[in-house]
Structure formats: structure tokens, C-alpha cells
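Asker: Pasted the sequence and its predicted model underneath.
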Amino acid sequence: MKHHNLASSIAVLWCASFGAAAENQSPAPAPAQVTATPLKPVSTARISQRGNVTGWVPPTQCDQDANVYFLLAPHATPGEVEEAARSGRDLPLNPREVLRIDADGKNTTRFDPAASPKLMGAKTVKTLGIAVDAHGTVYTLVWATRSAVGGESDEGVQYIVSFNEKGEYRSQVEVDWREILVHQFEVFGSGQFLLRGRRTHTPETRLAILSGDGSSLRDVVGWSGHPTEPLDGALGPNTPRFNQMVRGEDGRIYVAQEGQDDVVVYAFGPIGDTEAVLKIQPMPRNRQLLGFRSAGNRFAAMYLEAGEQPDGLNGERSGRVWIAVYSNVDEGGPHSVYGPAPALPTCYQHTESGDRFTFLVDGEQLITMSP
């Protein structure tokens, strides 16, 4: 069976030129009701082994050591085009490999789910998302197809494939696509997974917890914020969007449900317990929420203020990035608003010295900034 829905769930490609596009915008003050604090560079690491990172599928991931993980957007070489035509296989244009760049920029590591024994020889291998646990284990959400015989449709399989910190294949867990087509996932501190997707034969949203070995899949039910509407592709303009998910340092997973008037952040535990921890009011100037990160007991919401120029031809977004930092024990506005930033941050850390953000700039530098 061909998979018709997972490809559409992949976010828009972001290119390294976004940082330059945003940085070249002429400075402008933040709205009167929000005082923004500028960010200043504190360190710069040049990527030495691989050169420029030209394209990836958002969001990036970051571990506790500030190493950054990119889901690469590949490009076909002339040789690959010729080989695909000769063998009848698809071009290798599906996002598949994950690239880790160490915080100092000196070393890179690749993670390829096609190294899984059950995926070798697959016709297509597509990575739809990545997650990183507290120990540096990398997890990839993968959809693969195998060529069918006798005129039947290609057979599809869905896996979560894991790797150790050296990039070596570790394990795979099959997620039955007949039960849930996964659009998004994260890993609990306990090793279980929170899956967001839809039931196969209906547009109904499903939010479920998968055991670490894949033997148990159970719905998260009984909480007031659970959405029953179809997923984002079929949503109306005023329907809440349930589309930001991050693992917290406390081992829980935080999910932002974006409505018409505000964003509510829920904390999920591995036994299915749920708690609403934060309500975020809209930012002025209709800034679009594009990302969400967690560090300690704080959350960083990332916004794009659209520029006057249209989006670039290569997928880059024009405009300026602003970052609002909240505490999960506060009911009021943000602790701080920073910006404009040079790009969406790849990492957010909160230490005794304050908030720190890391950005990929020009595809070749990791720049850490703080107020």
C-alpha cells in the first residue's frame, strides 16, 4: 500500500540563506507593548568537516551538550539520476539522513536509517522526524516502501529507528500504520514514545503512547485539551492546531495546542497523565509561531514577523525572528522577549548565566548568543 499522507506532513524546507535574509532586514523597534532585548554573540564555531549545510527539514534537534541535529534535504547528483533511470528506482530525494554537528563545529556524524536490517533493499526510505533523548540516542521516524510483485501496489512500513551517539544502528520498532499514521513523535525520559497522527481510515486525530519495545500502543484520553478535529491539513482557519512538541529536561513531553486566541502548553507523562502548564497570548503584529523549545522550567516560543518581500525562491522565509521566553509556573506574559534574531535558533539553553541561543548562520557557522 502506498502512503499518501506522510509526505504532506513534512514541514517546509528551510535553507541556510534564511539567516542572511533575516539579518539583512533593516532594524526596526519592537512593538510598544513589548520591550525586546537584543542578542549579542558570545561564541562562534565554524563547521570544519562538512562545509555548508545548505538545506534541511525543520525542526532541528539539540542535545544537552548543544550538539545540533539536522534532517538533511538531499539533492540528486547526475550519477544518481543515471542509476535511478537504469534500475527503475526512485531518485534519492526523500529526506533520510540526519547530520549531527558538534557544538564546537569540529566533528560531524551521520545517522542513516537505511542501515536498519529491515530497511535494507527498500525502494524508498523517508525520514519524517527526529528525536534525541537525554543520553544522546537518536531516533528517526521512518516510512519505507518495498516494490511489490504481480502488479500489486508498493508495500509500506513505518518504523522508529534508533542509533547510538557514534551514528551506529541500535534498534528499530515497527509502528503499525494500520493503527496510526504518525505525523510527529517525541521520546519520554522513560524511553516510551508520544505519537501524534491520525487513524488510517478516518481523519480523526490520534494521540498515543508507544512502549519502548513497540509492544503496546494506547491512546491518551480523558484530558480537556485533547483535540478531536482532523489534523492540520484539513483544519479550518479557526480550528486549534496541535503542532508543537518538545521533550523537557524533566522527562515529560510538552505539547503546544495553538488556537485562534492563544497557545496552551500541556505536559504529558509516560503513563498518560496530562497537565496544562502554560497559556501563551498572541504576540503583537500577528507574528507567526514557528517553533517551541524547552530548557529547565522555561519555554522559548519562536515567531516570524513577515517581511514586505515574498518568500525566497529556494524556500527561505523573509522576515524577522523574535523569541519570547516563558516560565511554566507563570500565568502572565513572557519573562523576556529577544530579537530580532539572525534565524530560528537551533538550540536553547537556560543556565545560571541566563538564556542562550545557538543559530546556524550562512550554513557554515554556529553562533551562540545571549542578552
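Answerer: That came through, no problem. Keep in mind that this is a model prediction, so the values were computed, not measured. Numbers count the residues shown, from 1 in each chain.
Asker: Hmm, residue 173 is touching residue 216, no?
Answerer: No. Applying Cβ atoms under 8 Å, one finds residue 173 not in contact with residue 216, separated by 11.0 Å. Heads up, the C-betas are built off the backbone N, CA and C, glycines and all.
Asker: Now do the shared contacts for these two.
Answerer: residue 210 (Cβ atoms under 8 Å, 6 or more residues apart in numbering).
Asker: Tell me which of these two has more neighbours.
Answerer: Neighbour count, other Cβ atoms under 10 Å: between residue 173 and residue 216, residue 173 has more, with 17 against 11.
Asker: Now the more buried one: closest residue in space that isn't a chain neighbour?
Answerer: Spatial nearest neighbour of residue 173, chain neighbours left out: residue 214 (3.6 Å); criterion: Cβ to Cβ, 6 or more residues apart in numbering.
Asker: Is there a neighbour count for that neighbour? I'd like the number.
Answerer: Other residues near residue 214 come to 16 when the count uses other Cβ under 10 Å.
Asker: Look up phi and psi at it.
Answerer: Backbone torsions of residue 214, given as degrees, to the nearest 10, read phi 80, psi 10.
Asker: now swap in residue 285 and tell me
Answerer: Main-chain torsions, residue 285, degrees, to the nearest 10: phi 60, psi 20.
Asker: my read: residue 97 touches residue 73, true?
Answerer: No. Look at residue 97 against residue 73 with Cβ under 8 Å: they stay out of range, at 9.9 Å.
Asker: now the strands for the stretch 151-300 of the chain?
Answerer: Ranges of strands within the stretch 151-300 of the chain are 155-163, 169-174, 181-187, 193-198, 205-210, 217-219, 241-247, 253-258, 263-268, 274-280, 288-295, 298-306, based on DSSP state E, counting those that start in this stretch.
Asker: Next, the buried residues of the first one.
Answerer: Under the neighbour-count criterion of 16 or more other Cβ atoms under 10 Å, strand 155-163 has 156-163 buried.
Asker: pLDDT score assigned to residue 320?
Answerer: Residue 320 is assigned a predicted lDDT (pLDDT) of 89.
Asker: ok, it - how many residues close by?
Answerer: Neighbour count of residue 320, defined by other Cβ under 10 Å: 23.
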